[in-house]
Structure formats: C-alpha cells, structure tokens
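Asks: structure for the following, please:
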Amino acid sequence: MNIYLMTIIVYALFLIGMGYFIGKHVKGAADFFVGSRDFGWPLLFTTLIAANIGAGSTVGVTGLAYRYGVSSWWWIGCSGLGSLLLAYVVGPKVWEAGKKYNLYTMGDYLDMRYARAFRAVTSTMMAVGTLALFSGQLIGIAWILDVVAGIDKIYGIIIGAVVVTLYFSAGGLRSAAIVNILELAVILLGFVVATPFALSYVGGFSGLQSTIAQNMNNVAHTSAYFAWDGIGYTTIIGYFLMLTPAFCISPGLIGKVYSAKNTKAVKIGTLLNGIVQLLFAFLPLIIGMCAYAAFPELKNPELALPTAMKEMMPFSIAALALAAIFAAEVSTADTVLFMLATSISKDLYKTFFKPEATDTQLLSFSRKATVVCGIVGIVVAHFMANIITALSIFYSLMTVSLAAPFLFGLFSTRASTKGAFCSAGIGVLLTLFLQFTQGGKGPWLLNATSTGIIVASVMMFLSLYLFPKKSKE
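Replies: Predicted structure coming up:
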C-alpha cells in the first residue's frame, strides 16, 4: 500500500478513536453544543484557529496563489480581520448574551432578539449554505487522496465524510475541541516546515521570480502576479465585504464563543486566532507560487498544494505536510458539521417540531442528524465544481442574510423584526438578481455579493428610524 496513504489512514483512525473516547464522557446537550461553557482561552484558541484553517485556507488559497500570485493573500487576510473584530467587538457581547439567556446557537440568539419566524427562515438558509461549505472541505480531502494514492474524487469524499462524522457525532464540540489540539499542531508544523523546502526547490525567492517570469513570458502578467492587487480590486473588495463580517458572525464561530468560560477567554483566544490567521496566510501563498514555478501545466489549480507537498520535498517532510493538509480539512469539516447539527437539531427540530424533547432526546437526535448531514454532504460534494465555489456560496448567503440583522441587533435596541426581515430579504433577492441576470456583477467595482451586503446594511440602518422596535417587544 502507498506509504503516504498509510500515514493518513493511521492518523484518521487515531482521530476516530479520540472522538469515541471523549464521546463516552458527553452526557448531555450542553456538553455536545457548548462544551459545558468552561473553555479557557488556550482551548478556545485551538478550536477557533483549527476551524478557520481549512480547505479554503490551504488547498483553495494555494490554488488561488497558483493562478494569481501574491494577491491571493486577501482571502485569509480578510478572514483574519474579521477574527480581530470578533475578539474585541462582537465576541464579548454575544458571549454575555449566551451566558445570560443560556443560548446554544446563533438561532437561539435570533429567536430571542427578533422572532421565531426569523429564526426559522435564517436557520433553513444556513442549513443549505452550510452543506455547500461542508462539501468544500470534503473536496479538499478528496484532492489530497487523489494526489497521494490516485483515489477517485467520490471515494475520497466518502472517506473524508466517514472520518469526520464518526469522531464528531460521538462527542460534539468537546470532542472536536480536544481533537483540534492535535490537528492544529500538525497543521502549523507541517506548513512551517514545508514552505522553506518549496522555496528551496525553485531556487529561493530570486529563482521563484525568474522561473515564473519565464513560464509566463509576459511582463504585464508577471508584474500582476507579484502585485497585491493582481487579482483585481473587484475581487479584493468582494473578499473584504464577504469574509470580514462572515468571520464575525459565522454560526459555527459564535457557537464556539459560547463555549468560553468568561470574556477574558473570548478576547485572548479569539485575538490569537486572528493573528495566526494573518501570519499563516503567507504560507499557502508561497507554496502555491512555488508550485506554479515548478509545475505550470497543472490542469486543476486545487491540486497545486498536494502536488507540491508530494513532489517538492523529501519523504519525511512530505508525509508530515500531507498529514497537515488532511488535518486542516478535517478540523474545519468538524466545525461545519457542528453548525449543521446545531441548526437542524436545536434551531429546527426542538424549536418547531418537538419543543418537549428532553436533553437526552436532543442529544440523540443531534448525533443522528450529524450522520445524515455527513451522507448528504457526500452527494453535494460529488457535484460541486471546486472548493472556492463551495465556500463562496456559503459565505455569500450567510453574510448577505445575517450580517446586518445580527450586528445591528447586537448593538442597537431599535433593531426590529420587520427591519431584520426587510434587510435579509432585499439583500438576498438583489444578490440573486445580479448573479443570474448580470453575471454576478454589481455597480462600480462591486460584485453581486458585495452589492447585496451593502444594500442589506443600508436597509437595516434605515429600519432603525422607519420602523424601530417598540418598547413592549
């Protein structure tokens, strides 16, 4: 059997075993959803950063760097800026609400702040969008297994779904957080060690520049490849408006913030998470550019990272690096499953179908929902084109519909249910209209998603004065 594949199999079995062991100590829904609200800043940091370094930040960004060069940094960079806002602006305030009202999910907050109907609509949309996000992580795992062992995409997707579903369904957030400690160590060590080897393979920075210039044979294209705005201002603005708020309001990240034991843990753990994101962004960027220098004819740019790890490094480093990629995809996939399980079980099942469900029944249903979501994710991933497309669907849908209602509701007592519905509805409809009639383009340098976010925010601001929340609400 392929030695690389053996390494990944052993690692995957170890993760499943850890999840099962931790799951034996999970006795109730509070353990499963918010880890009993006793996470200190080190555990919160590891589970946040492990969630945020996933398929998009590794395989996806390396693929962007392979095509566009330095400006691919903005994908993770904008995400890191959102994490900094979560640390000191959003996180402490939403943690206080979660602690005071015993909230488990984003849906719990929206129900309390606005109305049950708004919770139903947004939770349903999030379930759809989150399936796209989950599929993106599974595609990342599939690309690794394709390069490492020649495993077809569909079988790689199935393997990834089975591993993540088994260990997460056993222990929920607590299981994922403990497993994330190991995954984070492997991720950071693998990328930190691999990047110098990739640079050395192409002759350092000078060799990288000269080889890329030779491959492109076009001065303008080469200049854009090494420029911070090479991907285009429209794309960069789109990343900023889509990803920065997304990493403040993501239901998965909010659920992890609820697990902190105090606001100090929220601030320190989330701040470190944002700083590491901003620094980590340079590693897949460099590897992707090195991969283009060495292998300029790759048919699929999203194969750039596993190809570089396997072909540009000695075996011991390559094995560690490939394990790091696998760990990155798995660590984010468990967060996505967390979002799906909580949205379906707590926001929909207990709220609308079986309000009388006991703690034990809710825990049992959550585990079953996790397994079902894993199966559905396999189907969606099989038909999804690529990782960045999958992630963009989720981030666009979430940011347009939730950012303005959530943030205005958190910081203004005037935000009303009517305003939240108008903001989300108009934003989503406008985004869909521009996407399907204008090819995703908006006015000026904006794309469809950016336009939808701005209009939704303006609508929510106007609603504070047009139809403010009444005191009796």
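
Asks: toward the C-terminus, what is the element adjacent to the lowest-mean-pLDDT helix or strand in the chain?
Replies: In the chain, no helix or strand scores lower on mean pLDDT, DSSP states H and E than helix 29-34, which sits at a mean of 58. Under the assignment DSSP states H and E, the closest C-terminal helix or strand after helix 29-34 is helix 41-52.

Asks: got a list of contacts for that next one?
Replies: 39, 79, 83, 173, 176-177, 180-181, 183-184, 187, 247, 252-253, 256-257, 259-260, 264-270, 272-273, 276-277, 331-332, 334-335 (Cβ atoms under 8 Å, 6 or more residues apart in numbering). Bear in mind the C-beta positions are built from the backbone N, C-alpha and C, glycine included.

Asks: can you tell me the element the residue lying closest to Thr431 once chain neighbours are set aside falls in?
Replies: Distance criterion Cβ to Cβ, 6 or more residues apart in numbering; nearest residue to Thr431, sequence neighbours excluded, is Gly452 at 3.3 Å. Per DSSP H and E, Gly452 falls inside helix 448-466.

Asks: tell me the mean pLDDT for that helix?
Replies: On average, the pLDDT along helix 448-466 is 96.

Asks: which residues are contacting that helix?
Replies: For helix 448-466, using Cβ under 8 Å, 6+ apart, the contacting residues are 237-238, 241-242, 245, 392, 395-396, 399-401, 403-405, 408, 412, 414-416, 418-420, 422-424, 426-428, 430-432, 434-435, 438, 440-443, 446.

Asks: looking at the contacts of helix 41-52, which are in helices?
Replies: The helices, defined by DSSP state H, take in 79, 83, 173, 176-177, 180-181, 183-184, 187, 247, 252-253, 256-257, 264-270, 272-273, 276-277, 331-332, 334-335 from the contacts of helix 41-52.

Asks: show me which of those residues are buried.
Replies: Listed as buried from the ones in helices among the contacts of helix 41-52 are 79, 83, 173, 176-177, 180-181, 183-184, 187, 247, 252-253, 256-257, 265-270, 272-273, 276-277, 331-332, 334-335; burial here means 16 or more other Cβ atoms under 10 Å.

Asks: those strands in the stretch 301-450 of the chain, which residues are they?
Replies: Along the stretch 301-450 of the chain, no stretch is classed among the strands by DSSP state E, counting those that start in this stretch.

Asks: over to the stretch 51-200 of the chain?
Replies: Using DSSP E, counting those that start in this stretch, strands in the stretch 51-200 of the chain do not occur.

Asks: low-confidence stretches in it?
Replies: 167-179 (pLDDT under 70).

Asks: again, only using 80
Replies: For the stretch 51-200 of the chain, the stretches with pLDDT under 80 are 51, 55, 126-128, 147-149, 164, 166-184.

Asks: so which residues of it form helices?
Replies: Along the stretch 51-200 of the chain, counting by DSSP state H, counting those that start in this stretch, helices occupy 61-68, 73-85, 91-101, 106-113, 116-149, 153-201.

Asks: could you identify which of those is most buried?
Replies: Burial of those is given as mean neighbour count (mean count of other Cβ atoms under 10 Å); helix 61-68 ranks first at a mean of 26.

Asks: now that one and helix 116-149, what's the angle there?
Replies: 70 degrees (axes from the mean of the first three to the mean of the last three Cα atoms, to 10 degrees).

Asks: CA atoms of helix 61-68 as PDB?
Replies: Extracted in PDB, the C-alpha atoms of helix 61-68 (Å, rounded to 0.1, in the frame of the first residue of the first chain):
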ATOM      1  CA  VAL A  61      -5.800  29.600  -1.300                       C
ATOM      2  CA  THR A  62      -2.800  27.600  -2.700                       C
ATOM      3  CA  GLY A  63      -4.900  27.100  -5.900                       C
ATOM      4  CA  LEU A  64      -5.600  30.900  -6.000                       C
ATOM      5  CA  ALA A  65      -1.900  31.600  -5.500                       C
ATOM      6  CA  TYR A  66      -1.000  29.200  -8.300                       C
ATOM      7  CA  ARG A  67      -3.200  31.300 -10.600                       C
ATOM      8  CA  TYR A  68      -3.000  34.800  -9.200                       C
END
